[in-house]
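Enquirer: Build me a structure from this.
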Amino acid sequence: MEQILHLIRTQPKLSKNGSVTLIHLGEAVSPTATREEVDVLLKSTLVTESHLRNACLQAIQVGFHVRRSDKSSNFVYQSQPFDLTDLDWSPELWIACHDDDEQNARFARHVWEDNGLDVPETYMDELSTYLGELN
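Expert: The predicted structure is shown next:
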């Protein structure tokens, strides 16, 4: 995942294909994603490039999994975004909810609401650590 993020960031001619690849990778790993994989995507919502933030948010939001139908042997595809409910709070996603790019902010708010995340009383202390990382 980190290599795709690097490609999107450093190779403008490949960024569109890289973004699509990242989103598909998010779809593929969402049912079994490790905390490290989720953290890579969440931390990348803080990068300077709006299109990269967008791709990361879409990868988090758009995941899916496959299950076999009980009544037949057909496969049924169901939308299944990354499950972030065990986080309770994500400062990166909270910052993304206030992105200058309205589409990015909308994606982030959708992920935030779908996972029932909440802002803790100590959020200002945690957010202050991100002030130097925003640029």
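Enquirer: Packing partners of the longest helix anywhere in the chain?
Expert: Secondary structure of the chain per DSSP state H: the longest helix is helix 15-29. Contact partners of helix 15-29 among helices and strands, from 3 or more C-beta pairs under 8 Å, 6 or more residues apart in numbering; DSSP states H and E: helix 2-10, helix 50-61. Yep, even glycine has a C-beta here, placed from its N, CA and C like the rest.
Enquirer: tally of neighbours for residue 123?
Expert: Neighbour count for residue 123, taken as other C-beta atoms under 10 Å: 13.
Enquirer: Please read the previous query as pertaining to residue 24.
Expert: Neighbours of residue 24 using other C-beta under 10 Å come to 15.
Enquirer: before we move on, what about residue 51?
Expert: Neighbourhood size, residue 51 [other C-beta under 10 Å]: 17.
Enquirer: how about it, what does it touch?
Expert: 8, 15, 19 (C-beta atoms under 8 Å, 6 or more residues apart in numbering).
Enquirer: quick one: it from residue 109, how far?
Expert: With distances taken as C-beta to C-beta, to the nearest Å, residue 51 is found 19 Å from residue 109.
Enquirer: Just name the shakiest helix or strand of the chain by mean pLDDT.
Expert: Here the helix or strand of the chain ranked lowest by mean pLDDT, DSSP states H and E is strand 64-68, holding a mean of 44.
Enquirer: Need the nearest residue in space to the spatially most central residue of the chain, chain neighbours excluded.
Expert: The residue lying closest to the centre of the chain (C-alpha atoms, centre = their mean) is residue 60, at 3.1 Å. Nearest residue to residue 60 in three dimensions, chain neighbours excluded: residue 82, at 4.9 Å (C-beta to C-beta, 6 or more residues apart in numbering).
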